[in-house]
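In: just coords:
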Ligand SMILES: [Zn+2]
Ligand SMILES: [Zn+2]
């Protein structure tokens, strides 16, 4: 299943400074969710220091997850079932001024 | 055929200050183009002073036409054949500073 | 101008000074009168606070509050355009007051040369109609958010790092918008937090975001236009891309704005060992290789 | 800082002053050195030129040129933040020079208190590395465009009215980008052209667009990031929406940048009866009902 992953706000620094990733998830017995996507990201995409991106089975505090530009809280969060060509954006919150 | 028309940069002032227009074009013998859309706009949507929007069979100088956010010059200009759900944006160029 | 019917409280001098904004059809004399009876508080007179202060000083407010505990340093001048070489070493609030009062001598400017704490913030925030968070650290952002929710003030918040910026309006009650804690109930781990002194920032990125903060503040005060509540603008200056994301509503479970809040009278004190200024007390491990 | 290996031309003072931007990993010492040997020309010291001048004065250029033929008026101060009450009545270029030199005394600032014409523009434009069009009228925009094409200079162009702004980079040769005439071969009818004095403008909208102009100028000079060529940013401050549209490439039929140009040595004189300043010599018929 094809997806676009994007990382912004500094989260891209954990992914070789690459902001856009076009990925294909392998077929699965059960539907892909954000929860299983995070496991896939940790195993296949994260270059360094996974604890700066993942905490437990979710993203670490301070990272927003957007499903097609909409806050994942307006969907099912970790349990959202991914659809082909979804755009998943991970934004690290900025604090500078 | 359903289209979204948008007017910006002051062009909306000729259309009752409304920037977004969701329209349905009637079925036609020949395919709808930007050229025939302009005629339809003049007859159905323009509230005042058509010469400030249309000149000859095209838009007046200083108005850009965007087909799904891309300059109509990269398509066929006036001869572009409209597709269902196209977004056509008319931007009047600003000059203030 | 001369045949304009006088059914408003603006002086001829004000009509002249603000003519280019009050002729905007969506704005008008009514919006200008609202500004004349309004106040705004800018917290942080740095990269974001500089353009925000200059534009809010210019627009015709009654009162502008400026908060900062820092002094002007030469390394601020590449981005903090309200300061200049003649004010290096002075307090940032005095420096900003000087520049702003030269732009608009009829504006009341009140300065607070202090570090905001959970004990002093409420007394300041409650005096103003809209608050701008132009600070540079996580702890202060929670503090300001909590005070704004408790005082029922809309909070225009921006942040910048490197080429990027983020902007939103928290606690915009008219739209049932979320607060900072609704989105971020837990603070991020300290080692994930980058600061301007760690990884840098370009001046014009601050200029863009700080100007947009002033714009949202003016829109809130005048009730003109659509407020950036329940939405967040993401700016990437490197690629010049802009993106608006849709955010959750106010969360009933929120510790400060929810239905059973645990934060009630004043913001909580910061966790032990956390600092609230832009000094390298938390070295950013991730980007340490980028330091010089 | 102390153990930083010295293989560059920046002084310790410059390293300190610009540290917060040269630690950005995509920027670095190399970009700072390019700025140090670069120049920029700001045409129009008004709403857009103010933030552009402040940020370009701050960033570490070698030389900044400022062009304007006007004097500071009180009605400018709601948006033109490089000026202030103490410089009302003085020339805008002197007022802007004063503010910018206080921010950065090591910057060379050259001022041109004149109305640009097809006869004087080439001598000025050819001296600078990047040009910013911060003017307020159509005639001057064609004039600047033509001079930039003939002198092979990238042109960062912004415009604002009411709550809206537009931004693009013309004549960016590296990307085969279009010039103003490629997009607008014919000037618009005079009665369709609104000006800030006709229909108004808000200060923070100028601040946003002018800051973005400075950002694009810095990116062009340092060769960092993606330049807004072949693209145009549309900003609507009322709804806080941002949109990037894709533009045509350079047009072979263009009268100035095409394969058989008719404009060769210098820009053509303006059409008879057209004026090139923001005075109400062309009353805007469309919006006359919005005047006060
Ligand atoms: Zn909340
Ligand atoms: Zn051309």
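Out: Structure received. The model shown is predicted, which means the values in this text are computed figures rather than measured ones. Ligands and ions are numbered 1, 2, ... in the order given.
In: only C-alpha atoms for contact and neighbour calcs from this point on.
Out: Noted.
In: and the lowest-mean-pLDDT helix or strand in chain C, what other elements does it pack with?
Out: Ranked by mean pLDDT, DSSP states H and E, the weakest helix or strand in chain C is helix C:196-199, scoring a mean of 79. Helices and strands in packing contact with helix C:196-199 are listed as strand C:155-161, helix D:19-22; criterion 3 or more C-alpha pairs under 8 Å, 6 or more residues apart in numbering or on different chains; DSSP states H and E.
In: The very next helix or strand once past the longest one packs against which elements?
Out: What that stands for is strand C:155-161. Where DSSP states H and E defines the elements, the next helix or strand beyond strand C:155-161 is strand C:164-170. Packing partners of strand C:164-170 (3+ C-alpha pairs under 8 Å, 6+ apart): strand C:155-161, helix C:203-222, strand C:231-236.
In: Identify each buried residue in the helix or strand harbouring residue A:42, please.
Out: Counting by DSSP H and E, the secondary-structure element that holds residue A:42 is helix A:34-44. By 16 or more other C-alpha atoms under 10 Å in any protein chain shown, the buried positions in helix A:34-44 come out as A:34-36, A:38, A:41-42.
In: next one: stretch C:126-143
Out: By neighbour count on 16+ other C-alpha under 10 Å, the buried set for stretch C:126-143 is C:126, C:128-143.
In: What about those, which are in strands?
Out: C:130-133 (DSSP state E).
In: Residue C:117 touches residue C:143, doesn't it?
Out: Yes: A contact is recorded between residue C:117 and residue C:143 when judged using C-alpha atoms under 8 Å, the distance being 7.4 Å.
In: Show me the strands in chain A, by range?
Out: A:2-8, A:20-24, A:54-55, A:58-59, A:63-67, A:70-71, A:87-92.
In: Redo those strands as JSON lines? Include mean pLDDT, mean neighbour count and distance to residue B:88.
Out: Formatted as JSON lines, the strands of chain A follow (pLDDT from 0 to 100; neighbours: other C-alpha atoms under 10 Å in any protein chain shown; distance: least, C-alpha to C-alpha, whole Å):
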{"stretch": "strand A:2-8", "mean pLDDT": "97", "mean neighbour count": "19", "distance to residue B:88": "26"}
{"stretch": "strand A:20-24", "mean pLDDT": "97", "mean neighbour count": "13", "distance to residue B:88": "28"}
{"stretch": "strand A:54-55", "mean pLDDT": "95", "mean neighbour count": "14", "distance to residue B:88": "42"}
{"stretch": "strand A:58-59", "mean pLDDT": "97", "mean neighbour count": "18", "distance to residue B:88": "39"}
{"stretch": "strand A:63-67", "mean pLDDT": "97", "mean neighbour count": "22", "distance to residue B:88": "26"}
{"stretch": "strand A:70-71", "mean pLDDT": "98", "mean neighbour count": "20", "distance to residue B:88": "25"}
{"stretch": "strand A:87-92", "mean pLDDT": "97", "mean neighbour count": "22", "distance to residue B:88": "24"}
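In: Any chance of TSV for those, columns distance to chain C?
Out: Supplementary listing: the strands of chain A in TSV, determined by distance: least, C-alpha to the nearest C-alpha, whole Å:
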stretch	distance to chain C
strand A:2-8	9
strand A:20-24	12
strand A:54-55	10
strand A:58-59	11
strand A:63-67	8
strand A:70-71	5
strand A:87-92	9
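In: picking up where we left off before, so what touches the helix holding residue A:42?
Out: Residues from elsewhere that reach helix A:34-44, judged by C-alpha atoms under 8 Å, 6 or more residues apart in numbering or on different chains: A:50, A:54, A:57-59, A:77-82.
In: which among those residues gets closest to ligand 1?
Out: Compare each of the contacts of helix A:34-44 with ligand 1 using C-alpha to the ion and the shortest gap goes to residue A:77, at 17.9 Å.
In: Per-residue pLDDT of the closest one, please?
Out: According to the prediction, residue A:77 has pLDDT 97.
In: What of the one 3 residues further on?
Out: Residue A:80 carries a pLDDT value of 98.
In: ok, and the closest non-adjacent residue to it?
Out: On the basis of C-alpha to C-alpha, 6 or more residues apart in numbering or on different chains, the spatially nearest residue to residue A:80 that is not a chain neighbour turns out to be residue A:33, at 5.3 Å.
In: re the thing from before, got CSV for the ones in strands among the buried residues of stretch C:126-143, with pLDDT and distance to chain B too?
Out: Rendered in CSV, the data for these read as follows (pLDDT from 0 to 100; distance: C-alpha to the nearest C-alpha, whole Å):
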residue, pLDDT, distance to chain B
C:130, 98, 28
C:131, 98, 29
C:132, 98, 26
C:133, 98, 28
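In: May I have the phi/psi pair for the residue in the stretch 51-200 of chain C positioned nearest to chain B?
Out: When C-alpha to the nearest C-alpha is the measure, the stretch 51-200 of chain C has its nearest residue to chain B at residue C:55, with 15.7 Å between them. Geometry field for residue C:55 lists phi and psi as phi -80, psi -30, criterion degrees, to the nearest 10.
In: how distant is the helix holding residue A:42 from the center of its chain?
Out: In terms of C-alpha atoms, centre = their mean, to the nearest Å, the centre of helix A:34-44 is set 8 Å apart from its chain centre.
In: so where do the helices sit in chain C?
Out: Assigned helices in chain C, in chain order: C:12-17, C:19-22, C:28-36, C:49-58, C:92-103, C:121-125, C:138-151, C:180-183, C:196-199, C:203-222 (criterion: DSSP state H).
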